[in-house]
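Student: model this:
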Amino acid sequence: MYRRFLLPDEVALIPKELKEVMSLFMEFGFDIYLVGGGVRNILLEKAPVNCDLATNATPEQSLEVLKEYEPFYNNDFGTVSYDIEVNGNKELYEVTTYRSEKEYSDFRRPDNVSWGKTLEEDVTRRDFTINAMVVGEKEGKFELIDLVGGIEDFEKGLIRAVGDPERRFGEDPLRMMRAIRIAAILGFSVEEETMKAISVKSPLLEKISKERVRDELMKIIGSSYPADGVQLLISTGLMKHIMPEVLEGKGVIQSGHHKLTVLDHMLEGLRYSSSPDPVVRFATFIHDVGKPRSQRFKCRKCGKMFRDISDEITMCANCGFSQPTKGMVTFYGHEVIGARMAKEICERLRFTNKDTEKIVTLVRMHMFAYQPEMTDSAIRRLIRKVGKENIADMILLRIADRKGSGSNTTSWRFMELQKRIGEQLFEPMEINDMVVNGRDVIEVLKVEPGPVVGRVLRELFDEVLEDTSKNIKEYLLARIAEIGSK
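Tutor: Got it, this is the predicted structure:
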């Protein structure tokens, strides 16, 4: 057992609202401890938020202790929850009775829950050692208590399962992803035996709902070290049960400026993504997912296309010209194939329609080309295709794509494109951006609402999109009359 009193700076991190609740439980004669992420936060010199607490009070007793906080009890696992405002932010605190659990036949919930009597019973059934450390109050001082070696693992930067890792992951297979998620957030490593157990138990992830898998995946994608986290998902075999499509890029060579295989490039693109939005990071990771299925080899002499070539130096079966395989590789249309695959992935993982649409758009449009001679109207059409709400995210994806392939962050051409996009962003992009609307069409043409109104507005908008100087009411009203007289 490891015990020590918290240092003054550590005590100062504990919100007064949490101290008040802990004191309240002790006044009623119960044990109460801060557990899980809140303890980790204190060790990381951060304030604990959305605190989890463990107590020997039964749920009914916790409800009585917390009655002034309007608590609620909505499960069978001993958790009483309540909302509280801390430093101006609304947080959810959860107080759970010590537990002693049995089997998990549904791989999520224990078949039988018995209320525990001691802290040791509770911490030894938790997932990871660094989550099993607790902080309690003793004689007016706050004390860190570690019964399972969590402090040593924390100092070494290790994620280690409590007890038998295969048993822990058999109880709830999502813990395998959780281990990787915590490692990706903290920059820790997964302990060797725990890692082996993840590889052994990885097929159990199929037992977990797609929504829970997606949520855990997006937390990894949104972490401090997303590429390292995703690499662990791949190396442990978990990715095969999440997105097997991305594994098709393993070992797939590329040509041109690319020095990495498709999968390695996707990982590096994720590593260099500067977007704070996990949805954009996700799209960045899978942006080239369609490459393996679109891969072709083109003879550099006669232009003949081949589907499968594996030799390092290849002789064209059509003209006999010998050439390096790498120099022959093409991925024409991979963004179209990739967009279809992205939609299938998003639907399987139960993404929202809004997030699915964004991801598919970013994957589909990431290959847009720019030439300096493009007109302003062509730039506006590009923005319209990508979506004004997506254009900044598309730029971030392209930057990550460039850096992930070993190129410079930007180029004069790319900088010029960004400048021109900025110049056109506030020009009319949608029909609703015009200074006239359907009511004007009805009034000028003396018609009832119907298809003719939409047809006229679309024709007007085509003109305005091509030349925004025409977005003048007098001009457009005259054009309504001309178009209606046709």
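
Student: residue 351: neighbouring residues, count only.
Tutor: Per other C-beta atoms under 10 Å, the neighbour tally for residue 351 reads 23. For glycine as for every other residue, the C-beta is placed from the backbone atoms N, C-alpha and C.

Student: and it, what does it touch?
Tutor: Listed by C-beta atoms under 8 Å, 6 or more residues apart in numbering, the contact partners of residue 351 are 214, 359.

Student: and it, that one's in a strand?
Tutor: No: when classified by DSSP: H, G, I helix; E, B strand; the rest coil, residue 351 is found to be coil rather than part of a strand.

Student: strands of the stretch 101-250 of the chain, start to end?
Tutor: When assigned using DSSP state E, counting those that start in this stretch, the strands of the stretch 101-250 of the chain occupy the ranges 113-115, 134-138, 141-146, 158-159, 189-190.

Student: for residue 407, phi and psi?
Tutor: Main-chain dihedrals, residue 407, degrees, to the nearest 10: phi -80, psi 170.

Student: how close does it get to residue 268?
Tutor: Applying C-beta to C-beta, to the nearest Å, the value for residue 407 to residue 268 is 11 Å.

Student: between these two, which one's more packed in?
Tutor: Set residue 407 next to residue 268 and count neighbours by other C-beta under 10 Å: residue 268 wins out with 19 against 14.

Student: host element of that one?
Tutor: In this structure, residue 268 is located in helix 262-271 according to DSSP states H and E.

Student: restricting to C-alpha, output that helix in CSV.
Tutor: C-alpha atoms of helix 262-271 as CSV (Å, rounded to 0.1, in the frame of the first residue of the first chain):
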residue,chain,number,x,y,z
VAL,A,262,-0.9,4.5,-48.1
LEU,A,263,-1.5,3.4,-44.5
ASP,A,264,1.6,5.1,-43.2
HIS,A,265,0.7,8.3,-45.1
MET,A,266,-2.8,8.3,-43.6
LEU,A,267,-1.3,7.9,-40.1
GLU,A,268,1.2,10.8,-40.7
GLY,A,269,-1.7,13.0,-42.1
LEU,A,270,-3.5,12.4,-38.8
ARG,A,271,-0.4,13.2,-36.8
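
Student: residue 298 pairs with what?
Tutor: With DSSP bridges as the criterion, residue 298 is bridged to residue 305.

Student: that one: how many residues sit nearby?
Tutor: Around residue 298 sit 18 other residues, with neighbours defined as other C-beta under 10 Å.

Student: which element follows the helix or strand that residue 84 is a member of toward the C-terminus?
Tutor: Secondary structure from DSSP H and E places residue 84 in strand 79-86. Later in the chain than strand 79-86, the nearest helix or strand by DSSP H and E is strand 89-97.

Student: show me the shaky parts of the stretch 101-250 of the chain.
Tutor: The model of the stretch 101-250 of the chain has pLDDT under 70 over residues 101-113.

Student: so where do the helices sit in it?
Tutor: Listed in chain order, the helices of the stretch 101-250 of the chain (DSSP state H, counting those that start in this stretch) span 119-123, 150-156, 165-171, 174-186, 192-201, 210-221, 226-235.

Student: care to break the protein down by domain?
Tutor: For the chain, the structural domains run 2-154, 157-242, 247-293+332-424, 296-330, 431-484, going by automatic domain parsing.

Student: how long is the fourth one from one end to the other?
Tutor: The separation between the terminal residues of domain 296-330, taken as C-alpha to C-alpha, to the nearest Å, is 5 Å.

Student: hmm, residue 226 is touching residue 271, no?
Tutor: Yes: the criterion here is C-beta atoms under 8 Å, and residue 226 meets it with residue 271 at 7.2 Å.

Student: of these two, which one has the most company?
Tutor: Neighbours were tallied for residue 226 and for residue 271 using other C-beta under 10 Å; the higher tally belongs to residue 226 (24 against 18).

Student: and for the residue nearest to the more buried one when sequence neighbours are not counted, the neighbour number?
Tutor: Among residues not flanking residue 226 along the chain, residue 270 sits closest, at 5.4 Å (C-beta to C-beta, 6 or more residues apart in numbering). Using other C-beta under 10 Å, residue 270 has 24 other residues around it.
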